[in-house]
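In: When you get a sec, could you give me coordinates for this:
(chains A and B)
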Number of protein chains: 2
Amino acid sequence: MSGREFFTTRTVAEALAGFRPARRTALEDVPLAEALHRVPAADVAAAAALPGFARSTVDGFAVRAADTYGASEGLPSYLDLVGAVRMGMAPTVAVRPGGCVAMPTGGVLPDGADAVVMVEHTAETMPGTIEVTRPVAPLDGIVRADEDVAAGAPLVPGGRPLRSPDLGLLAAAGVTTVRVHARPRVAIISTGDEVVPPSTAQLRPGQVRDATASALAGLVRDAGGEPVLAGIVPDDAGALEATLRDTLREADLVVVSAGSSVGARDETAGAVAALGEIWCHGLAIKPGKPTLLAECKAECGSGVPLIGLPGNPLSALVVFRLVGVPLVWRLAGCPVPPPEPSTPARLSRDLPSAAGRLDVVQVAVQDGTATPIFGPSALLSVLTRADGCLVVPEAATGLAAGSPVQVTLYR
Amino acid sequence: MSGREFFTTRTVAEALAGFRPARRTALEDVPLAEALHRVPAADVAAAAALPGFARSTVDGFAVRAADTYGASEGLPSYLDLVGAVRMGMAPTVAVRPGGCVAMPTGGVLPDGADAVVMVEHTAETMPGTIEVTRPVAPLDGIVRADEDVAAGAPLVPGGRPLRSPDLGLLAAAGVTTVRVHARPRVAIISTGDEVVPPSTAQLRPGQVRDATASALAGLVRDAGGEPVLAGIVPDDAGALEATLRDTLREADLVVVSAGSSVGARDETAGAVAALGEIWCHGLAIKPGKPTLLAECKAECGSGVPLIGLPGNPLSALVVFRLVGVPLVWRLAGCPVPPPEPSTPARLSRDLPSAAGRLDVVQVAVQDGTATPIFGPSALLSVLTRADGCLVVPEAATGLAAGSPVQVTLYR
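Out: This next block holds a predicted model:
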């Protein structure tokens, strides 16, 4: 039971607010086609205004708006059709008082024109003469040359993962490479004398295949990180310390999927203490209490954050979702992770909880009812059967059946 | 205006329910590390039970539960400590009446034992004798050999994209490759005489860089598809038809980012009509009305669905999110796309809408208030400034300021 006396427990809120290593990944230039969900370090500014020219937003006729004032079905304005604008081409004629030019949607507004009349409000009753039956105001039917983005204005903000429309706007501005933070390299170390690789065909009694590393790798990818599976280390503080030293050189974050026994946890804490400063030895969360957070200080990997996860796969994944995922985003320069899917629901039954502890409960959701899925946290199938999870806040002593809850949905 | 007489408009609900091509992508085996968000064609069954042996879930002592009945702080049960189980090893001793074996969390339950007492409820006051101060029932402190998954039972379901915990359970079961639907190849054809590649450094008057293709490619990737940029085709029905014929041979879905003028739309419809059956020429949606849905019937690419999108980038992306994204998932064997992030909010102002038409409104969300961002649908920056969008349903004639709305958040 050694080490229990020094057990520092923090709340999840304290960990999210207080465990914020300063480390950020380096910058790199990536082609636009590979920039989805990557995080630009700074605003990307437009070199020139967009769309770059005043453009028609309708099919119709470019006019001087003043020439249409007072026009109606009963008393149309008659305008001389002096030409047509072709898509992708500069206009070859200008609009003079009493004249108009045929416009396709997206065409360049000719000189002299300040609006475009929709074709629906016109008729060509005589060749070369257009009847306008409804007045337009200046700027009607057009976008200005800088209406999408002004020259020098930001196309996309720094610090926010790029979304699909962002890629479109960057393409429109001719930006074909983007300077973004490198994907955080997240080293995943599995520990445990009982743990063998997933590829092990036949298990000996007592052996289990490494489930947590594959699942963690998925969560890391979803958070924009690059998982690096650093292998399986036996329950031995010396072996773990050696692996940690190797791993720290190349990693932006180290995750130790710790042995689940008290002894194994103590060994992890010992190895980590030799390399850095332990920020907490436990989190006030169920499942997931035996979580260790540290920042490495040794000559190698200074400033690399380290998460020691509980040994049970379910607990490990619950904790990594809450604490690890925001950390991966933060390392990539994104202080606020993108939103997760969620849905409101009513709780199917009472959920007891201890005050001062965050409870994360796996639930199935159907027809607006969230039904808790219970089971030992040694069981991974609880997570695969769940549609999502809900949180009983630290202050609450439980939730009554019928309580409204917000369920974070898995995707 | 030719073609308007034959304009078939459908609601979005009709399109989602009725435009459901039977095509599915082929199956392929992928390594577990690349299986995240891929869709297994069928349930993946466990070859053997998991965890495969009865396992302790606590640090403590394996016992026969009956030996602890009636135990209390005042009157403990005294059990002979006959050995210890080591992690990852088969037990070397059995538990006989009156005996116990020391257990690490995750250790194999020895023969004869039916429960594990937590170490916290024991004391070793004399070497070799364990005092148990609280009774346990059979199965307390253990998981059964088949409690995670029974032999032959599904590990993960078919038809649902694989999530991170699924990868963990598959790894635990020794499944290192998964048979999944191939990523749908989504060909994106851009059209328009004015459209030039994003890499074009200097635009001539009237030219615009192709924004929509890059943004669509992002949406396709998010939906698990593989975008194939098929290039830019001028506004010419013959050229478009030729490109379509080429593209259809290799694609599971063809998206035409159509010219925005009425004439260009007519040309697209003409080219598509030559190759397949047009399911609708328009959707009752704003923005996005000039959307064409078709299923190709020609010798090449039979059964390949085709979406002709509006020419405005904003409209094109709104429609593709609503109609195209579910189609990409469906092609990959996933009938229900994974959930999108969303948040409840109150509307900042009145939103007028026409009954019978779905309105998609881009909004900024702050402190629970959704503020519409208006602007011509020719502007892409509306989408990059928005936090998400809300839908004014087909039946509604608008929403009043203060109405509760559900905002789909972008990520």
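
In: Residue A:84 - how many residues pack around it?
Out: 16 (other C-beta atoms under 10 Å in any protein chain shown). Backbone N, C-alpha and C define where each C-beta goes, glycine included.

In: so what's it up against?
Out: Applying C-beta atoms under 8 Å, 6 or more residues apart in numbering or on different chains, we find residue A:84 in contact with A:101, A:102, A:103.

In: Quick check: phi and psi at it.
Out: phi -140, psi 140 (degrees, to the nearest 10).

In: one step back: any chance of the contacts of residue A:84 in JSON lines with distance to residue B:160 and pLDDT as columns?
Out: JSON lines is the format used below for the contacts of residue A:84 (distance: C-beta to C-beta, whole Å; pLDDT from 0 to 100):
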{"residue": "A:101", "distance to residue B:160": "56", "pLDDT": "98"}
{"residue": "A:102", "distance to residue B:160": "53", "pLDDT": "97"}
{"residue": "A:103", "distance to residue B:160": "49", "pLDDT": "96"}
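
In: Just among these, which is most surrounded?
Out: residue A:103 (31 neighbours).

In: For it, list the residues it contacts.
Out: A:56, A:58, A:59, A:60, A:61, A:62, A:84, A:85, A:109, A:116.

In: Measure how buried the residue lying closest to residue A:323 once chain neighbours are set aside is and give me the count.
Out: In space, and not counting its chain neighbours, residue A:323 is closest to residue A:15: 5.6 Å by C-beta to C-beta, 6 or more residues apart in numbering or on different chains. Neighbours of residue A:15 under the rule other C-beta under 10 Å: 23.

In: near chain B, which residues of the stretch 201-350 of chain A show up?
Out: A:201, A:203-219, A:221-222, A:235, A:259-264, A:311, A:313, A:317, A:338-344 (C-beta under 8 Å from any C-beta of the partner chain).

In: If we use 6 Å, what do you get?
Out: A:205-209, A:211, A:214-215, A:218-219, A:221, A:260-262, A:313, A:317, A:338-341 (C-beta under 6 Å from any C-beta of the partner chain).

In: Mind giving me the PyMOL command for buried ones among these?
Out: If you want just the buried ones from those in PyMOL, going by 16 or more other C-beta atoms under 10 Å in any protein chain shown, the selection is:
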select buried, chain A and resi 206+207+208+209+211+214+215+218+219+221+260+261+262+313+317+338+339+340+341
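
In: The residues of the stretch 201-350 of chain A next to chain B in helices, which ones?
Out: A:214, A:215, A:218, A:219, A:221, A:262, A:313, A:317 (DSSP state H).

In: Pick out whichever of those residues sits closest to residue B:74.
Out: Of all those, residue A:262 has the smallest distance to residue B:74: 26.9 Å, by C-beta to C-beta.

In: so what pLDDT did the closest one get?
Out: On the pLDDT scale, residue A:262 is placed at 69.

In: what do you get for residue A:396?
Out: 87.

In: And it, how far from residue A:317?
Out: Separation of residue A:396 from residue A:317 (C-beta to C-beta, to the nearest Å) stands at 23 Å.

In: one step back: with distance to residue B:325 and secondary structure as extra columns, can I get the contacts of residue A:84 in JSON lines?
Out: Listed next are the contacts of residue A:84 as JSON lines, based on distance: C-beta to C-beta, whole Å; DSSP: H, G, I helix; E, B strand; the rest coil:
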{"residue": "A:101", "distance to residue B:325": "39", "secondary structure": "strand"}
{"residue": "A:102", "distance to residue B:325": "37", "secondary structure": "strand"}
{"residue": "A:103", "distance to residue B:325": "33", "secondary structure": "strand"}
